[in-house]
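Novice: For reference, the sequence and a predicted model appear below.
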Amino acid sequence: RAGYRVAALDRDHAALASLSEEAIADGSSIDVAVADVSDRAAFLAALEALYAKAGPPRLFFNNAGIARVGGFLEGGLDGFEKVLSVNLDGVLTGTHWALSRMEKEGEGTIVNMSSTAGHVPAAFMASYCASKAAVIGFTRALQAELGMAKSSVRLCLVSPGFVDTPIMRQEKAPFPRFLSWLVQSPQQAARAVLAGVRKGKRELVPDWGGWLMQKSYRLAP
């Protein structure tokens, strides 16, 4: 609706099909590709396929994420590493690919999706918190690097609070109803992120719930 040509990548075939149908019903279309961002070769191949269809990206969103809830010991290192492979390695791969294309074009914005969990630790979510804190450190460091190089490519770090996505609907850890007033819809988050990106913001908390949690943690850890 904002006038961009949209390309979407996901590992979920059904979700991509639904998104395409939604776009068509809205009088538009979306280029789609299927890949798991934790599989670097497959991810890069899918990005190249989308590049061939849609051309160089002006906005690139690293938004893929998973979470596991449970104790550090009981989950094992394999489960921990799987979260990192999506939430951190996927961001590194996507950022590297997008940045190389945007530097050639001389413009572009990369949006890295972290989380309030990267600022505020949560018990039984050590892998998720670690991955999101790493995205914060990585993005801020790369922002400094691009600034020193006087690059025209911009990075925006987004740290939302609770957004109503499948991450919040895990069978073993249902989201507590008494916190439902803090939850933002994906549509609200998307509008806030796009508005912040258009204003050139380097960091963005797209919902008041995330802002409240981060401020509260600083006052009373």
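Specialist: Now that the structure is in, tell me what you want to look at.
Novice: ok, now how distant is the residue nearest to the spatial centre of the chain from Leu73?
Specialist: Nearest residue to the geometric centre of the chain (CA atoms, centre = their mean): Asn63, 2.3 Å. Noted for Asn63: a distance of 30 Å to Leu73, by CB to CB, to the nearest Å. All C-beta atoms are positioned from the backbone trio N, CA, C, and that covers glycine.
Novice: Which SSE is immediately downstream of the worst-scoring helix or strand of the chain on mean pLDDT?
Specialist: Scoring the helices and strands of the chain by mean pLDDT, DSSP states H and E places strand 173-174 at the bottom, with a mean of 70. Counting by DSSP states H and E, the next helix or strand C-terminal to strand 173-174 is helix 186-198.
Novice: Can you give me the buried ones in that next one?
Specialist: Ala189, Ala192, Val193, Leu194, Gly196, Val197 (16 or more other CB atoms under 10 Å).
Novice: Ok, stretch 115-127 next?
Specialist: Ser115, Thr116, Ala117, Gly118, His119, Val120, Met125, Ala126, Ser127.
Novice: May I see these arranged in JSON lines, with distance to Lys150 and pLDDT as well?
Specialist: Listed next are the buried residues of stretch 115-127 as JSON lines, based on distance: CB to CB, whole Å; pLDDT from 0 to 100:
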{"residue": "Ser115", "distance to Lys150": "30", "pLDDT": "96"}
{"residue": "Thr116", "distance to Lys150": "32", "pLDDT": "95"}
{"residue": "Ala117", "distance to Lys150": "33", "pLDDT": "95"}
{"residue": "Gly118", "distance to Lys150": "28", "pLDDT": "97"}
{"residue": "His119", "distance to Lys150": "29", "pLDDT": "97"}
{"residue": "Val120", "distance to Lys150": "34", "pLDDT": "96"}
{"residue": "Met125", "distance to Lys150": "38", "pLDDT": "92"}
{"residue": "Ala126", "distance to Lys150": "38", "pLDDT": "96"}
{"residue": "Ser127", "distance to Lys150": "37", "pLDDT": "96"}
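Novice: Out of those, which comes closest to Leu146?
Specialist: Proximity of the buried residues of stretch 115-127 to Leu146 (CB to CB) peaks at Gly118, which lies at 20.4 Å.
Novice: and the residue lying closest to that closest one once chain neighbours are set aside, what helix or strand is that in?
Specialist: The shortest distance from Gly118 to any non-neighbouring residue, by CB to CB, 6 or more residues apart in numbering, is to Lys132 (3.2 Å). Assessed by DSSP H and E, Lys132 sits inside helix 126-148.
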